[in-house]
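In: Sequence first, then the predicted structure:
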Amino acid sequence: MRDEAKAHAFELCIQQVLEGADPAETLQRFPQWAAEFRPLLEAASAVQALGGRIQVPQAAQARNRARFLAEARALSQKAARRPAWGFFRLAPVALLLVLVIFFSGASTIAGAAQSLPGDALYSLKLLTEKTRLRLVRNPQARLELEQSFDRQRLEEVDELINQSRTAPVTFAGDLEQTQSGDWYVGDVRVVVGSGTQISSDVKPGIYVGVEGLLQADGSVKAARIWGREFELSGIVQGIAGELWVVGGVPINIPANVALPGLAPVGSQVIVRVMQKADGSLVARSLELVALPPAPDSTADSQPVPASATRTQTADASQLEHTSETGKSTEELSTPERSETEDERETEEPTKTRHPSETPKPTEDDDETPEPSETPEPDDDDDETPEITETPEARATHRPSETPRPILTERPTETPKREETDEPTETPEPEDTDEPTDD
Amino acid sequence: MQNEDLLVRAQRLDTAALGEIHDRHYPEVYRYIRFRLADEHACEDITAEVFLRLLDALHKKRGPTQNLRGWLFGTASNLVNDHLRTRYARRVDSLDAEEIEPQDEIHLEHSYEEDWMQQQVSEALLGLTPEQQHVLTLRFSDERSIDETASIMGKSVTAVKALQFRAVASLRRLLEERTR
């Protein structure tokens, strides 16, 4: 009974705290507990402050609302056809699937892959594709993957047409115009109306993206048509006139897109390309991310201001590699690691690739970099010693004595780290007991 | 619209009713979960899961018929408990410092001392029993009254007052231990 009275008295004080008032007066009413309550009320104030800091992110709320309602619509459409699995429950499974598929080298997505535009799981499918793309850094492999996803979009539209379904669709293909004036994109008839937004670069024969509504008659009423571009990020490996090789991919880069000398061989660039009907690539824009790396740059994914201001000497020395790396065109079909190996072979022919065979540090004491210049250890522990102590650092064309950083770029590109990050944050609610009905 | 009407329509997966339920309850469910978890991403995921579970339950005709809020907070609480359990298990298994989520994500635009104190509070909260965390979160994340808290928890007001007292007393003790 006494405890009940005490808990009640405490509640009165808590109410004061919640109202932002001083509980001192209330405490005076209960002198027998005042000393005990005071420190507890301090703790309660601290808890209240914690609550006061929380802000509900509007974007997350809006996103979740859309997802929630989409799931509801899918449920009511499909009724008993499938269990009401949430996106959230499937995410870890799908991610695992993606990783397995990624490493097994298969080119099609399984699992949620059967879903079509308009299905509840379709957004999951797109998400898994994005995840796969994120894991692939090699420009050639990435481009091929993106193209394979484009083919899938077309297959999905075909399947929807087979099932006589209507759905919002986004896909890409070569634009063809028949003599009667009808438009076809990847053999899907596209209806263009006054409301269709068409980019100025769209014309028959080019590879375009289409966004619109698939109608019951199998045509797509287009809302938007644009010249489909692919983005390639990589190292310029060779330049022969307008033909460049970027990350193993040959690209036609017209002079109006890249002025001569803008991005010498060895530069890190981002190129946006369009695909011609014969499959060749033409650059629409070129962005220089970094000139041939300076010795202290460790990550190719970020622009390095220091290297962007490198002198002509560095550029000229890089140009020496043009003839050597020019052979990269022959190796276009070699995916992934080939780029790394190629670079190593051409630039450091004598160096071993095996981290365990690290050259002795004592050989080049004078060239050992300062601790502050050591590439970050978390990039890849195995390779770090090789990089910091490699004899290659003596190469005469290096303007400073720190070792070649180009090798340090590769570890950051390996997909390993990203994969492991993903699933750790996803809660696993399977064994939760939900409350029973009221 | 009353919750009961909404729920009747929601049982039929009426999107207007479901949209209204989401608008009405998302913020408080989010606040509840965020109060108990510092990890913003996990918080968003778990909030999303609460609503997906609601949908699932409605669809299977075993969703809440009256006390929607109680159902939502009950589910949120269970999911948070599961999340904390898995996280704890992971921590014990691996003893990997990187796996321990940082507890400092709520804190913006506050002084270092405030941030530090808040971090102590949110970590100390994790030392309470799930039920104690539940009662304090209901009371303090959205400043719910004791009657409402009791209704959500399906307990008597007297029981909730007693639970609240024990929860604050334990918290104070844990805070003293942390800051000693």
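Out: Received, thanks.
In: secondary structure class for residue A:278?
Out: coil (DSSP: H, G, I helix; E, B strand; the rest coil).
In: Give the burial count for it, as a bare number.
Out: 6 (other CB atoms under 10 Å in any protein chain shown). Yep, even glycine has a C-beta here, placed from its N, CA and C like the rest.
In: How about residue B:147?
Out: For residue B:147, the count of nearby residues is 10 (other CB under 10 Å).
In: repeat for residue A:290
Out: 25.
In: Now the phi/psi pair for the residue nearest to it when sequence neighbours are not counted, please.
Out: In space, and not counting its chain neighbours, residue A:290 is closest to residue A:268: 4.4 Å by CB to CB, 6 or more residues apart in numbering or on different chains. Backbone torsions of residue A:268, given as degrees, to the nearest 10, read phi -100, psi 130.
In: Residue A:268 and chain B: what is the separation?
Out: Distance of residue A:268 to chain B, given as CB to the nearest CB, to the nearest Å: 29 Å.
In: Next: residue A:190.
Out: Residue A:190 sits 30 Å away from chain B, going by CB to the nearest CB.
In: so when I look at that residue, I'm seeing a strand, right?
Out: Yes - checked against three-state DSSP, residue A:190 lies within a strand.
In: For the nearest residue to it once chain neighbours are set aside, list each beta-bridge partner.
Out: Distances taken as CB to CB, 6+ apart place residue A:183 nearest to residue A:190, at 4.5 Å, with adjacent residues excluded. When bridges are called by DSSP bridges, residue A:183 pairs up with residue A:177, residue A:190.
In: pLDDT score assigned to the residue nearest to residue A:239 when sequence neighbours are not counted?
Out: Nearest residue to residue A:239, sequence neighbours excluded (CB to CB, 6+ apart): residue A:265, at 6.1 Å. At residue A:265, the model reports a pLDDT of 87.
In: what about residue A:265, which SS state?
Out: Relying on three-state DSSP, one would call residue A:265 coil.
In: Surely it touches residue A:240?
Out: No - using CB atoms under 8 Å, residue A:265 is not in contact with residue A:240; the gap is 10.6 Å.
In: who touches both of those two?
Out: Listed as contacting both residue A:265 and residue A:240 by CB atoms under 8 Å, 6 or more residues apart in numbering or on different chains is no residue at all.
In: Please identify which of the two sits among more neighbours.
Out: Legend: neighbour count by other CB under 10 Å for residue A:265 and residue A:240, higher for residue A:265 (22 against 11).
In: Buried residues in the helix or strand of chain B with the lowest mean pLDDT, which are they?
Out: Lowest on mean pLDDT, DSSP states H and E among the helices and strands of chain B sits helix B:112-125, with a mean of 79. For helix B:112-125, burial by neighbour count (16 or more other CB atoms under 10 Å in any protein chain shown) applies to B:115, B:117, B:118, B:119, B:120, B:121, B:122, B:124, B:125.
In: Over to stretch A:66-77?
Out: Across stretch A:66-77, burial judged by 16+ other CB under 10 Å covers A:67, A:68, A:69, A:70, A:71, A:72, A:74, A:75.
In: if we take those, which one ends up nearest to residue A:235?
Out: The shortest approach to residue A:235 among these belongs to residue A:67, at 39.2 Å (CB to CB).
In: just checking, what packs against the one helix or strand the closest one maps to?
Out: Per DSSP states H and E, residue A:67 falls inside helix A:58-78. Contacts defined by 3 or more CB pairs under 8 Å, 6 or more residues apart in numbering or on different chains; DSSP states H and E place helix A:58-78 against helix B:15-36, helix B:40-59.
In: now the angle from that helix to helix B:15-36?
Out: On the basis of axes from the mean of the first three to the mean of the last three CA atoms, to 10 degrees, helix A:58-78 is oriented at 130 degrees to helix B:15-36.
In: How about residues contacting stretch A:29-36?
Out: Stretch A:29-36 is contacted from outside by A:6, A:9, A:10, A:12, A:27, A:28, A:37, using CB under 8 Å, 6+ apart.
In: and these, which of them are in helices?
Out: A:6, A:9, A:10, A:12, A:27, A:28, A:37 (DSSP state H).
In: Quick check: the farthest pair among the residues you listed?
Out: Spanning the widest gap among the ones in helices among the contacts of stretch A:29-36 are A:6 and A:28, at 15.7 Å by CB to CB.
In: where in chain B is pLDDT low?
Out: Counting by pLDDT under 70, chain B contains low-confidence ranges at B:1-3, B:88-114, B:179-180.
In: coming back round to it: and the least confident helix or strand of chain B with chain A, contact?
Out: Yes - interface with chain A: helix B:112-125 contributes B:114, B:117, B:118, B:121, B:122, B:125 (CB under 8 Å from any CB of the partner chain).
In: want to throw the residues you listed into TSV with distance to residue A:229?
Out: Shown next, in TSV, are the residues of helix B:112-125 next to chain A (distance: CB to CB, whole Å):
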residue	distance to residue A:229
B:114	48
B:117	51
B:118	46
B:121	50
B:122	46
B:125	50
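In: picking up where we left off before, among the helices and strands packed on helix A:58-78, which is the most enclosed?
Out: helix B:40-59 (a mean of 23; mean count of other CB atoms under 10 Å in any protein chain shown).
In: Check which residues of the very next helix or strand once past that one are buried.
Out: On the C-terminal side of helix B:40-59, the nearest following helix or strand under DSSP H and E is helix B:68-94. Neighbour-count burial for helix B:68-94 flags B:68-84, B:87 (criterion: 16+ other CB under 10 Å).
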